[in-house]
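Engineer: what shape does this take:
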Amino acid sequence: MHEPLVSVITPTYNTEAFISETIDSVRAQSYTNWEMVIVDDASSDATVDILKKYAASDSRIKVHILETNSGAAIARNTAIENASGDYIAFLDADDLWKPEKLTKQIAFMQEKDIAVCFSSYELMDEQGKSLGKMIKALPKVNFSKMLKSNYVGNLTGIYNAEKLGKVYMPNIRKRQDWALWLTLIKKVGFAYSLEEPLAKYRVRENSISSNKLNLLKYNYTIYRKALKFGAFKSSLYLIRFLIEHFFIKPQQTIQL
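Structural biologist: The predicted model follows:
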(Lines give C-alpha, C1' and ligand atoms only; values in the text may rest on other atoms or scores of the structure.)
Protein backbone atom coordinates (compact mmCIF):
# COMPACT_ATOMS: atom_id res chain seq x y z
CA MET A 1 0.00 0.00 0.00
CA HIS A 2 1.55 3.33 -1.05
CA GLU A 3 2.15 6.23 1.30
CA PRO A 4 -0.05 9.19 0.29
CA LEU A 5 1.17 12.68 1.13
CA VAL A 6 -0.05 14.00 4.49
CA SER A 7 -0.15 17.76 5.07
CA VAL A 8 0.34 18.69 8.72
CA ILE A 9 -1.37 22.00 9.55
CA THR A 10 0.32 23.99 12.32
CA PRO A 11 -0.44 27.60 13.32
CA THR A 12 2.13 29.37 15.50
CA TYR A 13 2.03 32.50 17.63
CA ASN A 14 4.78 33.26 20.17
CA THR A 15 5.52 29.57 20.72
CA GLU A 16 9.32 29.69 20.97
CA ALA A 17 9.17 27.57 24.14
CA PHE A 18 7.36 24.67 22.45
CA ILE A 19 7.65 24.73 18.65
CA SER A 20 10.99 22.87 18.34
CA GLU A 21 9.66 19.87 20.28
CA THR A 22 6.46 19.91 18.20
CA ILE A 23 8.35 19.92 14.89
CA ASP A 24 10.73 17.23 16.17
CA SER A 25 7.74 14.99 16.95
CA VAL A 26 6.67 15.25 13.29
CA ARG A 27 10.18 14.64 11.99
CA ALA A 28 10.34 11.54 14.21
CA GLN A 29 7.32 9.95 12.49
CA SER A 30 7.82 6.43 11.16
CA TYR A 31 5.62 7.62 8.27
CA THR A 32 7.87 9.79 6.11
CA ASN A 33 5.70 11.11 3.26
CA TRP A 34 4.49 14.30 4.93
CA GLU A 35 4.80 18.04 4.62
CA MET A 36 4.43 20.37 7.60
CA VAL A 37 2.73 23.61 6.61
CA ILE A 38 3.39 26.12 9.38
CA VAL A 39 1.75 29.55 9.36
CA ASP A 40 3.08 32.06 11.86
CA ASP A 41 0.53 34.60 13.05
CA ALA A 42 2.90 37.59 13.39
CA SER A 43 4.88 36.33 16.39
CA SER A 44 6.90 38.89 18.36
CA ASP A 45 9.29 36.35 19.93
CA ALA A 46 11.90 34.07 18.35
CA THR A 47 9.37 31.65 16.80
CA VAL A 48 10.01 32.73 13.20
CA ASP A 49 13.79 32.37 13.57
CA ILE A 50 13.30 28.81 14.83
CA LEU A 51 10.91 28.02 11.95
CA LYS A 52 13.33 29.33 9.34
CA LYS A 53 16.14 27.12 10.68
CA TYR A 54 13.96 24.02 10.46
CA ALA A 55 12.72 24.92 6.97
CA ALA A 56 16.32 25.38 5.80
CA SER A 57 17.29 21.91 7.03
CA ASP A 58 14.18 19.94 5.96
CA SER A 59 12.41 20.69 2.65
CA ARG A 60 9.22 19.05 3.97
CA ILE A 61 8.74 21.98 6.34
CA LYS A 62 7.00 24.92 4.63
CA VAL A 63 6.76 28.23 6.50
CA HIS A 64 4.36 31.09 5.77
CA ILE A 65 4.37 34.30 7.80
CA LEU A 66 1.32 36.55 8.27
CA GLU A 67 2.11 40.27 8.43
CA THR A 68 -0.59 41.03 11.02
CA ASN A 69 -1.98 38.94 13.85
CA SER A 70 -5.18 37.42 12.46
CA GLY A 71 -6.12 34.55 14.76
CA ALA A 72 -5.87 30.76 14.61
CA ALA A 73 -8.65 30.32 12.04
CA ILE A 74 -6.91 32.50 9.44
CA ALA A 75 -3.56 30.86 10.19
CA ARG A 76 -4.98 27.35 9.86
CA ASN A 77 -6.93 28.20 6.71
CA THR A 78 -3.83 29.75 5.14
CA ALA A 79 -1.98 26.51 5.85
CA ILE A 80 -4.81 24.41 4.37
CA GLU A 81 -4.83 26.64 1.29
CA ASN A 82 -1.11 26.00 0.80
CA ALA A 83 -1.32 22.27 1.55
CA SER A 84 -0.66 19.72 -1.18
CA GLY A 85 -1.51 16.51 0.68
CA ASP A 86 -4.01 13.76 -0.02
CA TYR A 87 -4.72 13.83 3.71
CA ILE A 88 -4.85 16.85 6.02
CA ALA A 89 -3.85 16.48 9.68
CA PHE A 90 -3.66 19.03 12.48
CA LEU A 91 -1.06 19.67 15.18
CA ASP A 92 -0.93 22.84 17.27
CA ALA A 93 2.42 24.39 18.07
CA ASP A 94 2.54 23.20 21.69
CA ASP A 95 1.31 19.62 21.25
CA LEU A 96 3.17 16.43 20.29
CA TRP A 97 2.66 13.31 18.18
CA LYS A 98 3.88 9.83 19.06
CA PRO A 99 6.20 8.33 16.40
CA GLU A 100 3.64 5.82 15.04
CA LYS A 101 0.79 8.34 14.83
CA LEU A 102 0.62 8.84 11.07
CA THR A 103 1.57 5.27 10.20
CA LYS A 104 -1.28 3.84 12.26
CA GLN A 105 -3.96 6.36 11.32
CA ILE A 106 -3.30 6.40 7.58
CA ALA A 107 -3.20 2.59 7.46
CA PHE A 108 -6.49 2.46 9.41
CA MET A 109 -8.11 5.00 7.07
CA GLN A 110 -6.93 3.18 3.94
CA GLU A 111 -7.86 -0.32 5.13
CA LYS A 112 -11.34 0.68 6.35
CA ASP A 113 -12.02 3.33 3.66
CA ILE A 114 -12.51 6.01 6.32
CA ALA A 115 -12.61 9.70 5.37
CA VAL A 116 -12.40 11.25 8.87
CA CYS A 117 -10.33 9.76 11.68
CA PHE A 118 -9.18 10.66 15.19
CA SER A 119 -7.64 8.95 18.24
CA SER A 120 -7.26 9.04 21.99
CA TYR A 121 -4.55 11.29 23.42
CA GLU A 122 -2.56 11.78 26.62
CA LEU A 123 -2.35 14.91 28.76
CA MET A 124 0.85 16.67 29.82
CA ASP A 125 1.44 19.86 31.79
CA GLU A 126 2.90 23.10 30.48
CA GLN A 127 6.44 21.82 31.09
CA GLY A 128 5.79 18.62 29.11
CA LYS A 129 5.49 16.33 32.13
CA SER A 130 2.87 13.60 31.88
CA LEU A 131 -0.27 14.19 33.94
CA GLY A 132 -0.88 10.44 33.95
CA LYS A 133 -4.20 10.85 32.16
CA MET A 134 -5.63 9.90 28.77
CA ILE A 135 -8.71 11.23 26.98
CA LYS A 136 -10.21 8.05 25.52
CA ALA A 137 -11.78 8.55 22.10
CA LEU A 138 -15.26 7.23 21.38
CA PRO A 139 -15.16 4.44 18.74
CA LYS A 140 -17.18 6.63 16.34
CA VAL A 141 -19.18 9.87 16.38
CA ASN A 142 -21.89 11.24 14.11
CA PHE A 143 -23.12 14.81 13.56
CA SER A 144 -25.83 14.57 16.22
CA LYS A 145 -23.31 13.45 18.85
CA MET A 146 -20.79 16.12 17.84
CA LEU A 147 -23.41 18.85 18.23
CA LYS A 148 -23.53 18.07 21.95
CA SER A 149 -19.78 18.33 22.50
CA ASN A 150 -16.51 18.22 20.56
CA TYR A 151 -15.31 14.63 20.68
CA VAL A 152 -12.47 15.01 18.15
CA GLY A 153 -9.18 16.08 19.68
CA ASN A 154 -7.86 18.41 16.98
CA LEU A 155 -4.27 17.24 17.45
CA THR A 156 -5.42 13.72 16.47
CA GLY A 157 -7.81 14.55 13.60
CA ILE A 158 -7.16 13.68 9.94
CA TYR A 159 -9.42 14.01 6.92
CA ASN A 160 -9.11 12.69 3.38
CA ALA A 161 -8.78 15.81 1.21
CA GLU A 162 -8.55 13.72 -1.95
CA LYS A 163 -12.10 12.46 -1.32
CA LEU A 164 -13.68 15.45 0.42
CA GLY A 165 -11.76 18.36 -1.07
CA LYS A 166 -10.22 21.00 1.17
CA VAL A 167 -12.51 21.93 4.03
CA TYR A 168 -11.76 25.16 5.89
CA MET A 169 -12.51 26.55 9.34
CA PRO A 170 -14.97 29.42 9.94
CA ASN A 171 -13.31 32.74 10.73
CA ILE A 172 -14.10 32.87 14.42
CA ARG A 173 -11.50 33.42 17.12
CA LYS A 174 -12.06 30.27 19.19
CA ARG A 175 -13.39 26.71 18.84
CA GLN A 176 -13.16 26.86 15.04
CA ASP A 177 -11.73 23.33 15.04
CA TRP A 178 -15.02 22.00 16.44
CA ALA A 179 -16.86 23.69 13.56
CA LEU A 180 -14.48 22.04 11.06
CA TRP A 181 -15.10 18.54 12.42
CA LEU A 182 -18.85 19.18 12.50
CA THR A 183 -18.74 20.16 8.81
CA LEU A 184 -16.69 17.10 7.86
CA ILE A 185 -18.78 14.62 9.85
CA LYS A 186 -21.98 16.07 8.40
CA LYS A 187 -20.52 15.31 4.93
CA VAL A 188 -19.52 11.71 5.61
CA GLY A 189 -21.86 10.48 8.37
CA PHE A 190 -19.29 9.26 10.90
CA ALA A 191 -15.76 9.87 12.10
CA TYR A 192 -13.99 6.75 13.39
CA SER A 193 -11.23 6.49 15.95
CA LEU A 194 -8.21 4.48 16.87
CA GLU A 195 -8.72 4.17 20.60
CA GLU A 196 -5.03 4.05 21.51
CA PRO A 197 -3.39 7.39 22.43
CA LEU A 198 -1.32 8.66 19.50
CA ALA A 199 -0.66 12.25 20.63
CA LYS A 200 0.06 14.38 23.69
CA TYR A 201 -1.96 17.49 24.52
CA ARG A 202 -0.33 20.26 26.53
CA VAL A 203 -2.70 21.61 29.19
CA ARG A 204 -2.11 25.36 29.41
CA GLU A 205 -3.22 27.58 32.29
CA ASN A 206 -4.91 30.06 29.94
CA SER A 207 -6.79 27.47 27.88
CA ILE A 208 -10.47 27.95 27.02
CA SER A 209 -11.48 24.78 28.82
CA SER A 210 -10.03 26.16 32.07
CA ASN A 211 -12.55 29.04 31.92
CA LYS A 212 -16.03 27.52 31.88
CA LEU A 213 -17.84 30.81 31.20
CA ASN A 214 -15.70 31.53 28.13
CA LEU A 215 -16.21 27.95 26.97
CA LEU A 216 -19.99 28.44 26.95
CA LYS A 217 -19.66 31.78 25.18
CA TYR A 218 -17.54 30.33 22.38
CA ASN A 219 -19.80 27.30 22.07
CA TYR A 220 -22.80 29.58 21.61
CA THR A 221 -20.85 31.36 18.86
CA ILE A 222 -20.35 28.02 17.07
CA TYR A 223 -24.09 27.35 17.09
CA ARG A 224 -25.03 30.88 16.02
CA LYS A 225 -22.30 31.91 13.59
CA ALA A 226 -20.75 28.69 12.29
CA LEU A 227 -23.90 26.55 12.12
CA LYS A 228 -26.33 29.47 11.58
CA PHE A 229 -28.77 28.25 14.23
CA GLY A 230 -31.37 30.69 15.56
CA ALA A 231 -31.09 32.10 19.10
CA PHE A 232 -33.60 29.62 20.58
CA LYS A 233 -32.04 26.58 18.90
CA SER A 234 -28.55 27.74 19.90
CA SER A 235 -29.64 28.12 23.52
CA LEU A 236 -31.24 24.67 23.43
CA TYR A 237 -28.02 23.10 22.15
CA LEU A 238 -26.04 24.97 24.79
CA ILE A 239 -28.20 23.30 27.43
CA ARG A 240 -27.61 19.94 25.71
CA PHE A 241 -23.88 20.67 25.77
CA LEU A 242 -24.01 21.35 29.53
CA ILE A 243 -25.87 18.08 30.16
CA GLU A 244 -23.45 16.13 27.92
CA HIS A 245 -20.32 17.79 29.25
CA PHE A 246 -21.04 17.82 32.97
CA PHE A 247 -23.44 14.92 33.56
CA ILE A 248 -23.27 12.24 30.83
CA LYS A 249 -19.52 12.47 30.09
CA PRO A 250 -19.28 9.48 27.73
CA GLN A 251 -15.74 10.48 26.78
CA GLN A 252 -13.61 9.03 29.53
CA THR A 253 -10.56 10.51 31.21
CA ILE A 254 -8.50 7.45 32.15
CA GLN A 255 -5.66 7.27 34.67
CA LEU A 256 -2.54 5.81 33.05
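Engineer: so Leu3 versus Gly85, what's the distance?
Structural biologist: You called it Leu, but residue 3 is Glu. 11 Å (C-beta to C-beta, to the nearest Å). Every C-beta, even on glycine, is put in place using the N, C-alpha and C of the backbone.
Engineer: right, I mislabeled it, should have said Val39
Structural biologist: Distance from Val39 to Gly85, by C-beta to C-beta: 15 Å.
Engineer: these two - which one has more neighbours?
Structural biologist: Neighbours were counted for Val39 and for Gly85 using other C-beta atoms under 10 Å; Val39 has more, 26 against 22.
Engineer: sticking with the more buried one, tell me its helix or strand.
Structural biologist: strand 34-40 (DSSP states H and E).
Engineer: cool, and Leu184?
Structural biologist: Using DSSP H and E, Leu184 falls in helix 176-188.
Engineer: which outside residues touch that helix?
Structural biologist: 72-73, 76, 90, 115-116, 141-143, 146-147, 150, 152, 154, 157, 159, 164, 167-170, 172, 191, 222, 226-227 (C-beta atoms under 8 Å, 6 or more residues apart in numbering).
Engineer: how about Tyr31, what does it touch?
Structural biologist: 3, 6, 101-103, 106.
Engineer: which of the residues you listed count as buried?
Structural biologist: Buried subset of these (neighbour count, 16 or more other C-beta atoms under 10 Å): 6, 101-103, 106.
Engineer: out of these, which sit inside helices?
Structural biologist: In helices, judged by DSSP state H, the following of the buried ones among the contacts of Tyr31 are found: 101-103, 106.
Engineer: since that was my last question, I'll sign off now.
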